[in-house]
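> the following block contains a protein sequence and its predicted model.
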Amino acid sequence: MASDRPTLPPVRLHSDAELARAALASPLLAGAVRLARWAGPETRVGAGGELVEEQLPAAAEALGLEPDEVGAAHASEAWRVAVDTGLVSTPEPEGDEDEATGVEAGEQLALLTQGSPGDVLGVWLDGFDAVFADATAPAFDDFADLIGEDGEIDVSKLDWDPEAEAEFLEGVLGNLYLLTVTDGGAGDASVPLPALAASMIVPDDMGEPTDDVLEQVSEAMMRLDDQFRILEPIGLVEYQPVDEALMAEEGEEPEPPMDDEDVSRYGMVRLTPLGLYGIRTRMLEAGVDAPAIGDLAGKGAEALLGGIGHYPSEAARSETELWLAGREPVAAARELLGAARGADAGSPLRRLHCQQALSLVGAEAEPAVREVLDDAELGGLARVWLAERGAADVPAPPESMIFWLAVDTIAAQLEMDGDLEELQDLIEGLTGRHSGFFDAVWRVDHPSTADVLEAMGRLHRDKRIAKEARKAAFKARSRTNG
């Protein structure tokens with residue numbers, strides 16, 4: 001596999017405008033905005049900017065909730081997001097006071113109505129960061145148990161490693177992102193919680209999980225159940241929680257489901273389009289190569305053909321269509337053909353994608369294609385393209401060009417890591433159509449000739465012909481080294 005391949009398949013993101021609307025509609029950010037507009041000079045806050053307990057019932061009512069314990073909890077969460085995203089500016093208590101008044105609207109609040117979609121998404125990302133921190137915070141049943149003899153909080157009693165907790169959730173979200181973009185990039189499929197937990201716990205080379213591993217998966221499921229309940233209100237995921245009846249049936253931590261069980265009872269999670277955007281943004285900030293369809297639209301043809309080399313076919317087509325949009329057809333075709341030249345390891349795949357891109361340009365590309373009919377690297381590609389469109393006056397290729405194109409085509413398919421059976425059919429079709437194929441091919445002046453022949457020797461299903469291919473590969477290698 002080439003070392004410069006992207007780490008992840010490309011994601012198909014919604015427009016910034018659509019994502020910004022989704023961000024504003026997310027329950028937690030929408031609640032934070034309502035509380036920011038509700039707050040005023042008489043609003044009382046504690047030393048950390050939190051609403052004092054007596055204010056929570058009124059804050060809950062401002063959110064349209066009952067002023068009870070549940071409503072107060074929701075109000076507290078929404079207020080914390082308002083503070084962390086800069087939607088409100090809170091004063092600090094003076095002297096020995098425990099609370100203060102004088103809350104003002106923060107600078108970020110105006111951005112949500114007067115700023116660009118990017119500004120809105122920036123505020124939402126701050127909210128996502130705050131909620132992520134909440135999701136990785138320690139859980140405890142009795143706060144009094146954490147107070148040391150000196151009256152201070154004894155963090156050592158928490159059994160909590162903040163870096164490990166954050167790394168675990170980052171890994172889970174990364175796996176969920178990968179499963180989503182691999183499934184097509186649009187975030188349409190839900191993932192069972194047991195599968196997501198197992199992706200973090202079960203080693204890749206483990207056959208049947210041990211009881212100890214299954215117990216770890218169960219613990220991870222419950223941990224994730226809590227975390228996804230926290231992450232859902234910010235609009236990151238759509239989450240169907242673990243069926244509470246399972247906990248009543250099996251105790252605190254239900255075992256992962258058996259094959260014949262309804263897996264949805266164990267929790268189902270789906271990244272929203274906003275969630276895809278948010279996780280990709282975090283990945284990019286961490287230096288992960290996480291491409292999105294449209295990234296290459298403003299770049300040159302060389303970047304396009306190199307970038308889409310290992311994209312799934314549908315994503316490659318979408319990226320190419322975006323690149324072609326707004327470009328003059330003949331100029332675009334010339335640029336593509338120029339970028340397809342080369343003798344480097346990636347050049348066969350560039351030529352294959354060039355041919356596919358030219359098919360999207362259509363008949364208007366013909367003048368540019370005819371200009372390269374005599375080109376040693378592009379002449380075969382040009383003839384195939386013209387013949388497929390029934391063009392007139394297509395000159396017959398010399399035999400050397402036919403075999404050069406055969407090597408180039410197989411080299412591109414090998415680099416793609418495509419369907420093995422299709423590649424075998426291609427190889428057997430070429431050897432079947434040309435008598436003396438190997439005697440001609442080992443002489444072809446192409447940088448991949450020996451590698452292609454060695455691959456044909458491995459892949460051809462006829463042992464006799466496979467042996468011929470290996471002999472031809474030896475000759476090609478000796479010719480090159482000699």
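On my side now, so go ahead.

> dump the residue contacts of Leu176.
Under the criterion of CB atoms under 8 Å, 6 or more residues apart in numbering, the neighbours of Leu176 are Val191, Leu196, Val237, Val269, Leu271, Ile279. All C-beta atoms are positioned from the backbone trio N, CA, C, and that covers glycine.

> following the host helix or strand of it, which helix or strand shows up next?
Applying DSSP states H and E as the criterion places Leu176 in helix 162-182. Per DSSP H and E, the first helix or strand lying C-terminal to helix 162-182 is strand 191-192.

> picking up where we left off before, keep only those of the contacts of Leu176 that are in strands.
Val191, Val237, Val269, Leu271 (DSSP state E).

> list the buried residues of stretch 330-345.
Val330, Ala332, Ala333, Arg334, Glu335, Leu336, Leu337, Gly338, Ala339, Ala340, Arg341, Gly342 (16 or more other CB atoms under 10 Å).

> would you format the residues you listed as a markdown table with secondary structure, pLDDT and distance to Leu381 included?
Output for those, formatted as a markdown table (DSSP: H, G, I helix; E, B strand; the rest coil; pLDDT from 0 to 100; distance: CB to CB, whole Å):
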| residue | secondary structure | pLDDT | distance to Leu381 |
| --- | --- | --- | --- |
| Val330 | helix | 96 | 17 |
| Ala332 | helix | 97 | 16 |
| Ala333 | helix | 97 | 12 |
| Arg334 | helix | 97 | 14 |
| Glu335 | helix | 98 | 15 |
| Leu336 | helix | 98 | 11 |
| Leu337 | helix | 98 | 8 |
| Gly338 | helix | 97 | 13 |
| Ala339 | helix | 97 | 13 |
| Ala340 | helix | 97 | 7 |
| Arg341 | coil | 96 | 11 |
| Gly342 | coil | 94 | 13 |
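
> would you turn these into a markdown table with distance to Asp204?
Below are the buried residues of stretch 330-345 laid out as a markdown table (distance: CB to CB, whole Å):
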| residue | distance to Asp204 |
| --- | --- |
| Val330 | 49 |
| Ala332 | 43 |
| Ala333 | 44 |
| Arg334 | 46 |
| Glu335 | 42 |
| Leu336 | 39 |
| Leu337 | 42 |
| Gly338 | 42 |
| Ala339 | 37 |
| Ala340 | 37 |
| Arg341 | 40 |
| Gly342 | 36 |
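
> tell me the one of those residues nearest Ser400?
Arg341 (17.6 Å; CB to CB).

> same for the helix or strand hosting Val217, what does it pack against?
Following DSSP H and E, the helix or strand that holds Val217 is helix 211-231. Judged by 3 or more CB pairs under 8 Å, 6 or more residues apart in numbering; DSSP states H and E, helix 211-231 is in contact with helix 117-135, helix 162-182, helix 193-201, strand 237-240.

> for Asp226, which of the ones you listed is the nearest?
Nearest to Asp226, of all the helices and strands packed on helix 211-231, is helix 117-135, at 7.8 Å by CB to CB.

> that closest one: which residues count as buried?
Using 16+ other CB under 10 Å as the burial criterion, the residues of helix 117-135 that qualify are 117, 119-128, 130-132, 134-135.

> do stretch 466-482 as well
For stretch 466-482, by 16+ other CB under 10 Å, it's Ala466, Glu468, Ala469, Ala472, Ala473, Lys475, Ala476, Arg477.

> for those, which one is nearest Ser400?
Closest approach to Ser400 among the buried residues of stretch 466-482 (CB to CB): Ala476, at 14.7 Å.

> show the pLDDT at that closest one.
pLDDT for Ala476: 93.

> likewise for Gln216?
pLDDT recorded at Gln216 is 88.

> quick one, what contacts it?
Contacts of Gln216 (CB under 8 Å, 6+ apart): Ile201.

> do you know how far it is from Met200?
Plainly put, Gln216 is 9 Å away from Met200 if you go by CB to CB, to the nearest Å.

> Cys354 too?
Using CB to CB, one gets 41 Å for the distance from Cys354 to Met200.

> which of the two has more neighbours?
Using other CB atoms under 10 Å as the criterion, Cys354 and Met200 rank with Cys354 on top: 26 against 17.

> chain center to the helix or strand where Ala20 lies: distance?
For Ala20, the host element (DSSP H and E) is helix 16-25. Centre-to-centre, helix 16-25 and its host chain are 19 Å apart (CA atoms, centre = their mean, to the nearest Å).

> would you list every one of the strands in the protein?
45-46, 88-89, 99-100, 104-105, 191-192, 237-240, 268-271.

> residues in contact with the fourth one?
Contacting residues not belonging to strand 104-105 are listed as Ala36, Arg37, Ala39, Pro41, Leu87, Val88, Ser89 [CB under 8 Å, 6+ apart].

> grab the nearest non-local neighbour of the third one.
Think Ala39. In space, and not counting its chain neighbours, Ala39 is closest to Val103: 4.4 Å by CB to CB, 6 or more residues apart in numbering.

> ok, the one you found touching Thr43?
Yes: with contacts counted by CB atoms under 8 Å, Val103 reaches Thr43, the gap being 4.2 Å.

> Asp212: how many residues sit nearby?
8.

> quick one: it from Glu94, how far?
Distance from Asp212 to Glu94, by CB to CB: 55 Å.

> Gly294 too?
Gly294 is 52 Å from Glu94, by CB to CB.

> ok, Glu371 next?
Glu371 is 79 Å from Glu94, by CB to CB.

> more neighbours: these two, which one.
Between Glu371 and Glu94, counting by other CB under 10 Å, Glu371 is the more crowded of the two (15 against 7).

> pretty sure the more buried one sits against Val330.
No: judged on CB under 8 Å, Glu371 makes no contact with Val330 at a distance of 9.6 Å.

> any idea how far stretch 26-34 is from the middle of the chain?
Centroid separation for stretch 26-34 versus its chain: 26 Å, with CA atoms, centre = their mean.

> just stretch 196-212 next, same as before
The answer for stretch 196-212 is 23 Å, by CA atoms, centre = their mean.

> which outside residues touch it?
With CB under 8 Å, 6+ apart as the criterion, stretch 196-212 contacts 168, 171-172, 175-176, 179, 213, 216-218, 220-221, 224, 256, 269.
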